[in-house]
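Asker: Make a model of this:
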Amino acid sequence: MLNHILNQALEQYVFDRADNILSIAGVADAKYRKAEREVESVLSQLMEIARELEAQQPELLCLVMEYEAAANFKSGLAAEIVYREGIRDSCSVRQEFAAFMQPDGPVMF
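Answerer: Residues are numbered from 1 along each chain as shown. You can find the predicted model right below:
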């Protein structure tokens with residue numbers, strides 16, 4: 001039971017932190033802002049075309065909207081995975097560094 005609660009708390013923390021990082025990147029990182037604008041532009045063009053063709057291809061607009069949702073979900077999931085791996089990496093790097101700093105640690109030539 002405690003393990004389940006801790007896992008849920010970690011999942012929520014990772015989700016919140018990844019969302020926070022992406023929000024900060026949207027403000028502070030020029031490359032990210034540029035990529036975000038380009039994605040929005042392409043999506044806007046797709047939506048415009050889908051609306052123009054809606055009478056001939058009614059499923060096109062729905063398909064574009066489904067793609068947008070799926071792409072956003074994938075992007076968010078990727079951010080969470082990267083953040084989670086970063087936590088794991090920091091733990092192992094810290095352990096390796098601590099082992100290296102021990103007086104009888106590895107010998108470097």
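Asker: okay, CA-based contacts and neighbour counts for the rest of this
Answerer: OK.
Asker: would you list every one of the helices in the chain?
Answerer: Along the chain, counting by DSSP state H, helices occupy 2-28, 30-52, 58-101.
Asker: can I get these in CSV with mean pLDDT and mean neighbour count?
Answerer: Putting the helices of the chain into CSV (pLDDT from 0 to 100; neighbours: other Cα atoms under 10 Å) gives the following:
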stretch, mean pLDDT, mean neighbour count
helix 2-28, 85, 13
helix 30-52, 93, 13
helix 58-101, 87, 13
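Asker: So which residue is dead centre in this structure?
Answerer: Residue closest to the mean C-alpha point of the chain, counted by Cα atoms, centre = their mean, is residue 79 at 1.7 Å.
Asker: Could you check how far residue 9 is from residue 16?
Answerer: 10 Å (Cα to Cα, to the nearest Å).
Asker: which residues touch residue 46?
Answerer: Applying Cα atoms under 8 Å, 6 or more residues apart in numbering, we find residue 46 in contact with residue 64.
Asker: What separation do you get for it and residue 57?
Answerer: From residue 46 to residue 57 the distance is 13 Å (Cα to Cα).
Asker: next one: residue 18
Answerer: To residue 57, residue 18 is 37 Å away according to Cα to Cα.
Asker: Check residue 99 too.
Answerer: As for residue 99, its distance to residue 57 is 63 Å (criterion: Cα to Cα).
Asker: Equivalent analysis for residue 9, please.
Answerer: Distance from residue 9 to residue 57, by Cα to Cα: 45 Å.
Asker: Also residue 72?
Answerer: For residue 72 relative to residue 57 (Cα to Cα), the value is 24 Å.
Asker: same thing with residue 2?
Answerer: 52 Å.
Asker: quick one, what contacts the residue nearest to the centre of the chain?
Answerer: In this structure, residue 79 makes contact with residue 18, judged by Cα under 8 Å, 6+ apart.
Asker: How about residue 18?
Answerer: Taking Cα under 8 Å, 6+ apart, one finds 76, 79, 80, 83 in contact with residue 18.
Asker: just residue 84 next, same as before
Answerer: residue 14.
Asker: Alpha carbons only: can I get stretch 50-62 in PDB?
Answerer: Extracted C-alpha coordinates of stretch 50-62, given in PDB (Å, rounded to 0.1, in the frame of the first residue of the first chain):
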ATOM      1  CA  ALA A  50      -9.100  20.600 -43.400                       C
ATOM      2  CA  ARG A  51     -11.900  23.100 -42.900                       C
ATOM      3  CA  GLU A  52     -11.800  24.100 -46.600                       C
ATOM      4  CA  LEU A  53     -12.100  20.400 -47.600                       C
ATOM      5  CA  GLU A  54     -14.600  19.500 -44.800                       C
ATOM      6  CA  ALA A  55     -17.500  19.200 -47.300                       C
ATOM      7  CA  GLN A  56     -15.600  16.800 -49.500                       C
ATOM      8  CA  GLN A  57     -13.600  15.000 -46.800                       C
ATOM      9  CA  PRO A  58     -15.500  15.400 -43.400                       C
ATOM     10  CA  GLU A  59     -13.200  13.000 -41.600                       C
ATOM     11  CA  LEU A  60     -10.100  15.100 -42.400                       C
ATOM     12  CA  LEU A  61     -10.700  17.800 -39.800                       C
ATOM     13  CA  CYS A  62     -11.300  15.100 -37.100                       C
END
